[in-house]
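Test case, fold it:
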Amino acid sequence: MTTHLAPPAHTPSGAAQHSAELLPLVDALAPGQILTLSLSLESARALLATLSAERKGLFEWSPEADGDAVRVDVVKRDAAKGSLRGVLEALSWDHARIDGFEQGAFAARAAGDLEAARALFERFARNLFRHIGFEEDLLFPALESAAGLPPHAGPTAVMRAEHIEIRATVQLLRGAIGDSSADTVRLRERLHGTLGPHSVKEERILYPMIDRVLSGLRSDELVGAIQAYEPR
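The predicted structure follows:
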């Protein structure tokens, strides 16, 4: 079970941005705990490089552009230092994390807090679009190359087509979630009707296929590239 820690106060600049000062915060996490940091882009890149070199295999990492800063969720894995990463584990975690933002947004809307609903849904949208971005830019090409799959046919083609529908529905909900008069029920049903089965197919078929085709070391390298991915 994942528990959330209250994020320490880190501004987009200043001494608190240095990796040496942030490492103790990461090291203090128990397996499954989340630490949320607000960093400059430069500091986020530096911390990721340090974690990758000195804490390899010990963490999950997911960045999110937040104005001039980068908001990063860092999670301690229950694994040995240096252990190889798998696509299935890493991206299933990201699915669950992203789904939590959507659920929180609609819980806030149901409670009448439209500002919180809008903010949480915006986090959902940004994180989901980043997830879709690295799948299309990194994950799918890696599978197609390794397995000899054409991008216009097969499982990756299906995933890309579903991404188009998911993006469109999320954009509609982005405009409706903070409007008390908007009918979000049908839009949410439309989103879940596509996104739910999409995630299941990825976790049961696509991600295990990638881990099998790429094998341990290349899967680990792909997860590293995904953690460092910055949307265009």
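
where does the protein have its least confident helix or strand?
Averaged element by element with mean pLDDT, DSSP states H and E, the chain has its least confident helix or strand at strand 3-4 (a mean of 35).

List the residues that contact the spatially most central residue of the chain.
Here the mean C-alpha position of the chain is nearest to the C-alpha of D94 (C-alpha atoms, centre = their mean), at a distance of 4.2 Å. Neighbouring residues of D94 by C-beta atoms under 8 Å, 6 or more residues apart in numbering: 60, 62, 127, 131. The C-beta positions use only the backbone N, C-alpha and C, and glycine is treated the same way.

tell me the pLDDT at it?
On pLDDT, D94 comes in at 96.

Now name the helix or strand holding it.
Under the assignment given by DSSP states H and E, the secondary-structure element containing D94 is helix 87-110.

Could I get the buried residue list for that helix?
Along helix 87-110, these residues count as buried under the neighbour rule (16 or more other C-beta atoms under 10 Å): 87-91, 93-95, 97-102, 104-106, 108-109.

returning to what we had before: now, the contacts of D94 that are in helices?
Where the contacts of D94 overlap with helices, as defined by DSSP state H, the overlap consists of 127, 131.

Filter the contacts of D94 down to the buried ones.
Judged by neighbour count, with 16+ other C-beta under 10 Å as the criterion, the buried members of those are 60, 62, 127, 131.

quick one: contacts of the helix or strand where E165 lies?
Here E165 is covered by helix 155-176, with elements defined by DSSP H and E. By C-beta under 8 Å, 6+ apart, the list of residues contacting helix 155-176 from outside reads 121-122, 124-125, 128-129, 132, 135-136, 140, 143-144, 149-151, 182-184, 187-188, 190-191, 194-195, 198, 201-202, 205-206, 209.

Going by neighbour count, which of those are buried?
When those are checked against 16+ other C-beta under 10 Å, the ones flagged as buried are 121-122, 124-125, 128-129, 132, 135, 140, 143-144, 149, 184, 187-188, 190-191, 194-195, 198, 202, 206, 209.

Look up the closest residue to T194, ignoring the ones flanking it.
Across the structure, with C-beta to C-beta, 6 or more residues apart in numbering as the measure, the residue nearest T194 apart from its sequence neighbours is E165 (5.1 Å).

got it, and A30?
Computed as C-beta to C-beta, 6+ apart, the closest residue to A30 that is not its neighbour in sequence is K76, at 6.4 Å.

show me what contacts that neighbour?
With C-beta under 8 Å, 6+ apart as the criterion, the residues that contact K76 are 26, 29-33, 58-59.

Please state the backbone phi and psi of it?
phi -80, psi 130 (degrees, to the nearest 10).

now it, which residues is it bridged with?
F59 (DSSP bridges).

Looking at it now. What's its pLDDT?
The pLDDT attached to K76 in the predicted structure is 95.
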